[in-house]
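*Asks:* Kindly return the folded structure for what I paste below:
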Amino acid sequence: MVTKTVSGTPVETGAVVMSIPDENKPVQFGQITGIRPFSWICMLNKNDVVYGLGESVRGINKRGFRYVSWCSDQPNQNESSESLYGAHNFLLVSGRTTFGIFFDTPSHIVFDIGWTKEDVLSVTTEDTGVSVYVITPSGNRTESSLTDIIRQFRTIIGRSYIPPRWAFGFQQSRWGYKTEDDVREVVRKYRDAGIPLDTVCLDIDYMKDYEDFTIDEKKFPDPAAFNAEMKKNGIHLVPIVDAGIKIKTGYHVYDEGLKNGYFCTKDNGQPYAAGVWPGRSHFADFLNPDARQWFGAQYESLTRLGFEGFWNDMNEPAMFYSDESLEEAFAAMKKLEGQNLDVTSFFKFTALAGYTFNRTEDYRRFYHTMHDSTGKVLHIRHDKVHNIFGSMMTRAAAEGLRKISPDKRMLLYVRASCIGAHRYGGIWTGDNSSWWGHLLQEIKMIPSLNMCGFLYSGADIGGFGNNVSRDLLLRWTAFGIFTPLMRNHSAGNTRRQECWQFERPEDFRSIVNLRYALIPYIYSEFVKAAVTGGMYLRPLAFDYPEDKRAVHTEDELLAGEGILIAPVYEQNADGRMVYLPEDMTQITWHNSQAEQQECSKGFHYIEIPLDTVVFFIKHDRLVPLCAYAPDTSRLDTSHFSYLGTGRSYSLYEDDGYTRNITLDGHLRTLER
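*Replies:* Residues are numbered from 1 along each chain as shown. Okay, here's the model as predicted:
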């Protein structure tokens, strides 16, 4: 059951697609204690578990920390980061009373979950009104209350984005693939090493002077022919598109945006300028439907060259500086010139180097044009609607790509997001680092994203920043084979981390081969979850809510209907302790071969060498494996081998591109 209570005057975010009337009465759980600013307080029992918040740090259980929904460029994210790239304002409280609650607002919102007081959950916002949706169990006895609430929530926010099937293949990316020959080398060495690969991503180096929707013809002289060459080799090229539009007369995107008034403006009506990759730039006003349509149409210049997928970046929006903040920083630095820099003034000086980076003051300096629910035109300051800016860029791209390609799915994943954007594209979790702690963070973050509808998600395998070690990359790849988005990506000033760069590449080949053998299962379970409002990756508590050990296990996940994964995430570990909430089949994958043995309910220490993947299959469940192949186009799904003790499996199949997906007519029963 879903109820809605409106507090103040909310700005429409587009997150909820169902029409739900305002109950005009107190929220069922907790108490609204303020309207402007909004404040809601709920008492927690000792054993209550709080799930949700999508892309955020710390555990699957969110108790004990303060989280801030404010889409933030976080190149130095760590366990203390209150904000990351997404704003996913959904909580699921499980305990004496179980309910879900969604705070639909585009502005800054704080979740204090037992941080100030361990038994108090408080939610506060600074600016616009809030629509509060409370979801209680429907009484469906075929699944847990947690799963039931998630399905109801996903019903009101709409179906999750489903990418083409090739997007479930392995993707290789790096900031630094600058030419056609760079890409050819990457592909050739993957093929020579026998490691499957479907995609090479192009970072900002492919553009001409960092201008969106352009290609540097000195580096890529014939992009259409190059795309065709890559596709013959089973490879898709996926270029980046950034939010900032370079200020440059004669650059067609800039000229059109300026002429038609499609850019965000200052309070005097002049286009707002801030610095990103190309220097001074304007930002398309994605909250303006006309600007969205215009921006989405720009993708055609790349799709007609053969590109079938994109990743959108820097759409929080990230800003290195504004004209105003740069002037302020130089003035402050000038005041310190010639001074004796003591312990106080020196640190003021060092802080000025990052003074201009993504400042809240700059987000208060520009405005959007949008429409309310009645069609009235609104001019609203950016900081009041900050959290939907990136999502509206995703919407612009998705709607544009649907018009460009009405019958064929395109790949699209992005960095900044809020609930609602899950209908338009997937996400990757931003600029992580080559740290063991960030591998563990991903394990705990991905199921929370699934709760909020972001099924097509994953982190940069191996870490984007810093220098990866071989063992960390192997362990991360072993987990990454189960995430829908499986992409190895790194910064240009770090150690190269393509799988073939390391000794004994056959170890990586075996692990990635398992991914390709599992793609029919992963694709099936993903589509079923998207269509039915389920979760592809979820905590053990969702299937075993009465098992206290399962409820408090945060480093194991369920993948689809039948698989339990327990990744290794510690340096030099030769295995790990695993808790099984029921009797299961243990699968040991080594040297591209699977062995299975029965394993009883309870705790087990499982030896897992670096070149090995171990996972488990539920009792009476069947998991199909196809023969692995160099890329998804060469997978043979006419023959399978089987793992587990079950007798049958319902396989979803389509052409890999169909947009209008239904389960009817596309499910094939596989039997042993």
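*Asks:* Pull out the buried residues from stretch 364-371.
*Replies:* 365-370 (16 or more other Cβ atoms under 10 Å). For glycine as for every other residue, the C-beta is placed from the backbone atoms N, C-alpha and C.
*Asks:* want to throw the residues you listed into TSV with distance to residue 91, secondary structure and pLDDT?
*Replies:* Listed next are the buried residues of stretch 364-371 as TSV, based on distance: Cβ to Cβ, whole Å; DSSP: H, G, I helix; E, B strand; the rest coil; pLDDT from 0 to 100:
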residue	distance to residue 91	secondary structure	pLDDT
365	32	coil	96
366	31	coil	97
367	31	strand	98
368	28	strand	97
369	32	strand	93
370	27	strand	88
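*Asks:* Nearest to residue 164 among the residues you listed?
*Replies:* Set against residue 164, the nearest of these by Cβ to Cβ is residue 370 (31.4 Å).
*Asks:* Could you list everything the closest one pairs with in the sheet?
*Replies:* Beta-bridge partners for residue 370, by DSSP bridges, are residue 378.
*Asks:* Make 18 the first number, not 1, from now on.
*Replies:* Taking 18 as the first residue, the last one we looked at is residue 387.
*Asks:* What's the separation between it and residue 143?
*Replies:* Residue 387 sits 19 Å away from residue 143, going by Cβ to Cβ, to the nearest Å.
*Asks:* Please apply the same query to residue 573.
*Replies:* Per Cβ to Cβ, residue 573 is found 38 Å from residue 143.
*Asks:* which residues in this protein form helices?
*Replies:* For the chain, applying DSSP state H gives helices covering 162-174, 197-210, 240-249, 269-277, 306-314, 317-320, 340-353, 360-368, 377-380, 406-421, 453-468, 487-497, 522-549, 565-568.
*Asks:* Comparing those helices, which yields the minimum mean pLDDT?
*Replies:* Lowest mean pLDDT within the helices of the chain: helix 360-368, a mean of 85.
*Asks:* On the strand side of things, show who the residue nearest the centre of the chain bridges to.
*Replies:* When the chain is reduced to its mean C-alpha position, the nearest residue by Cα atoms, centre = their mean turns out to be residue 444, at 2.7 Å. Beta bridges link residue 444 to residue 431, residue 474, judged by DSSP bridges.
*Asks:* Let me know whether it touches residue 430 as I believe.
*Replies:* Yes. Residue 444 is within contact range of residue 430, at 5.8 Å (criterion: Cβ atoms under 8 Å).
*Asks:* Between these two, which contacts overlap?
*Replies:* Jointly contacting residue 444 and residue 430 under the rule Cβ atoms under 8 Å, 6 or more residues apart in numbering are 473-474.
*Asks:* Distance to residue 189 added to the buried residues of stretch 381-388, as TSV?
*Replies:* Formatted as TSV, these follow (distance: Cβ to Cβ, whole Å):
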residue	distance to residue 189
382	39
383	37
384	40
385	37
386	40
387	38
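*Asks:* Pull the most distant pair out of those residues.
*Replies:* Within those, two members stand farthest from each other by Cβ to Cβ: 382 and 387, at 17.6 Å.
*Asks:* Could you chop the protein up by domain?
*Replies:* 19-174, 540-688 (automatic domain parsing).
*Asks:* Could you pull up the residues touching the nearest residue to residue 373 once chain neighbours are set aside?
*Replies:* The shortest distance from residue 373 to any residue other than its chain neighbours is 3.6 Å, reached at residue 338 (Cβ to Cβ, 6 or more residues apart in numbering). Going by Cβ under 8 Å, 6+ apart, residue 338 touches 291-292, 346, 373-374.
*Asks:* which ones are touching the residue lying closest to residue 614 once chain neighbours are set aside?
*Replies:* Ranked by Cβ to Cβ, 6+ apart and with sequence neighbours excluded, the top spatial neighbour of residue 614 is residue 603, at 5.3 Å. Residue 603 is in contact with 613-616, 623, 631, 633, counting by Cβ under 8 Å, 6+ apart.
*Asks:* From residue 566, how far out is the residue nearest to residue 437 when sequence neighbours are not counted?
*Replies:* Nearest residue to residue 437, sequence neighbours excluded (Cβ to Cβ, 6+ apart): residue 32, at 3.7 Å. Shown here: residue 32 relative to residue 566, a distance of 35 Å by Cβ to Cβ.
*Asks:* Who has more neighbours out of those two?
*Replies:* residue 32 (27 against 14; other Cβ atoms under 10 Å).
*Asks:* ok, that one to residue 463 distance?
*Replies:* In this view, residue 32 and residue 463 are 21 Å apart by Cβ to Cβ.
*Asks:* in the stretch 118-267 of the chain, which spans are strands?
*Replies:* With strands called from DSSP state E, counting those that start in this stretch, the stretch 118-267 of the chain shows them at 126-130, 137-142, 147-152, 188-191, 216-219, 253-259, 261-263.
*Asks:* Quick one, which of the ones you listed gets closest to residue 676.
*Replies:* With Cβ to Cβ as the measure, strand 253-259 is the member of those nearest residue 676 (17.5 Å).
*Asks:* So for residue 247, what's the nearest residue that isn't a sequence neighbour?
*Replies:* residue 254 (5.7 Å).
*Asks:* Surely that neighbour is in contact with residue 324?
*Replies:* Yes. At 6.1 Å, residue 254 counts as touching residue 324 under the criterion of Cβ under 8 Å.
*Asks:* top strand in the chain by residue count?
*Replies:* Ranked by residue count and defined by DSSP state E, the top strand of the chain is strand 653-661.
*Asks:* and for that one, what are the contacting residues?
*Replies:* Applying Cβ under 8 Å, 6+ apart, the contact partners of strand 653-661 are 537, 579, 602, 604, 611, 613, 634-635, 637-644, 646, 666, 668, 670, 687, 689.
*Asks:* and the residue nearest to residue 437, what does it touch?
*Replies:* Contacts of residue 32 by Cβ under 8 Å, 6+ apart are 119, 121, 174, 435-437.
*Asks:* Now that residue 170 has come up, it's in contact with residue 116, right?
*Replies:* No. Between residue 170 and residue 116 there is no contact under Cβ under 8 Å: 10.7 Å.
*Asks:* Mind listing the shared neighbours of the two?
*Replies:* With Cβ under 8 Å, 6+ apart as the test, residue 170 and residue 116 both reach residue 152.
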